[in-house]
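Visitor: following is a predicted model, sequence given first.
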Amino acid sequence: MLLIGENINIMNKTLKSAMKDKVKEPIQKFAIESQKNGVDYLDMNIGPARKDGVELIKWLIETIREVSNLPLSIDTTNIDAIKAGLEVEGENAIINSIQATEEKMNILLPLMKQYKCKCIALLIGKEGMPRDVNERGALAAEFSSKIDEMGIPHQKVLFDPIVLPAPYQQDQVVATLEFMKMFKEMFPDFGSTCGLSNVSNGAPEKLRPLINRTYFMMLAKYGMEGAILDAFDKEIIDMAKGEKETIKNLIWKATEEDIKLDDLSEEEKNYVKTVNILKGKSLYSHSWLKL
Ligand code: THG
């Protein structure tokens with residue numbers, strides 16, 4: 001599993017002001033904590049960063065490099081900022097991300113080739129978010145043929161099938177699972193990843209880790225090879241590293257068949273109920289564990 005810590009992101013209020021005022025300490029604290037918990041990469045999410053993106057990404061890399069040697073994922077749509085990041089980090093970096101539009105692929109794939117780095121291929125096309133499994137498949141096919149045209153090795157590309165929030169778009173949560181079922185067969189030597197925490201956006205804060213962990217294991221059952229995830233949730237990292245075998249097996253079983261709740265512990269019941277939401281068997285509501 002390739003684990004990318006999501007926590008250095010401009011949506012976080014503390015880090016947003018730290019990035020604005022160039023205060024290193026909170027960012028370094030997040031980097032140290034993420035590395036301690038065992039992620040493989042750190043995502044630097046600076047949003048669109050239309051102004052000052054170049055300066056910001058350079059400063060962020062410098063700041064992180066004082067405390068961590070983990071490779072970095074450059075998460076922005078600002079092309080100059082991506083270039084500036086690659087200039088420093090070279091082939092160790094991941095471009096997060098490249099959308100499946102002619103314009104983005106034509107600009108970013110040559111950069112990827114030049115720096116020999118990895119990229120995340122985001123399954124969003126010129127018409128925006130995919131609406132079902134077939135649209136995801138069509139976008140992946142377009143991306144894949146462009147990659148071959150450019151002579152880029154498949155191993156350098158991590159497909160992101162787009163994870164959407166269960167509280168608002170439960171059908172898309174199911175569609176992404178369905179897509180993963182056929183992904184490995186259609187695109188055997190490409191990698192995969194996803195913005196895992198999207199799935200629990202809008203759910204009660206305390207229950208988000210339960211949703212994230214459950215969905216990650218369900219995706220993994222169908223071949224998902226990593227995620228951009230909450231590095232402060234030590235349990236999800238342990239699970240990804242195979243240290244929660246019993247829970248993982250229960251999640252896998254519940255993904256395939258309907259399981260009786262009667263003989264299960266409280267913790268096990270919660271995982272099975274959450275699987276039932278994420279596979280579309282029960283309708284999402286904030287109180288799904290109480291039903
Ligand atoms: N695919 C790819 N990259 C991505 C995403 C994706 N990058 C951004 C995002 N989606 C993944 N990263 C996050 C980071 C934070 C949260 C969700 C996804 C998150 N944060 C809390 C919130 O917004 O409520 C708390 C913010 C905070 O305090 O940190 O949920 O899909 N390729």
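Guide: Arrived safely.

Visitor: where do the helices sit along the stretch 151-291 of the chain?
Guide: Applying DSSP state H, counting those that start in this stretch to the stretch 151-291 of the chain gives helices spanning 170-186, 208-221, 234-240, 245-256, 266-278.

Visitor: and the first one with helix 208-221, angle?
Guide: It refers to helix 170-186. 30 degrees (axes from the mean of the first three to the mean of the last three C-alpha atoms, to 10 degrees).

Visitor: is helix 170-186 positioned near the ligand?
Guide: No - if you take C-beta under 6 Å from any ligand atom as the test, helix 170-186 misses the ligand, and the best it gets is 10.4 Å. Every C-beta, even on glycine, is put in place using the N, C-alpha and C of the backbone.

Visitor: near the ligand, which residues of this protein show up?
Guide: Counting by C-beta under 6 Å from any ligand atom, the chain sits next to the ligand at 6, 9, 11-12, 45, 75, 96-97, 120, 122, 160, 163, 195, 197-198, 201, 228.

Visitor: circling back to that earlier point, can you redo the helices of the stretch 151-291 of the chain as TSV with distance to Arg131?
Guide: Putting the helices of the stretch 151-291 of the chain into TSV (distance: least, C-beta to C-beta, whole Å) gives the following:
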stretch	distance to Arg131
helix 170-186	8
helix 208-221	19
helix 234-240	29
helix 245-256	23
helix 266-278	19
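
Visitor: for whichever residue of the stretch 101-250 of the chain sits closest to the ligand, the count of nearby residues, please.
Guide: Going by C-beta to the nearest ligand atom, the ligand is nearest to Gly195 of the stretch 101-250 of the chain, at 2.1 Å. By other C-beta atoms under 10 Å, 23 other residues sit near Gly195.

Visitor: ok, now how distant is it from Gln35?
Guide: 20 Å (C-beta to C-beta, to the nearest Å).
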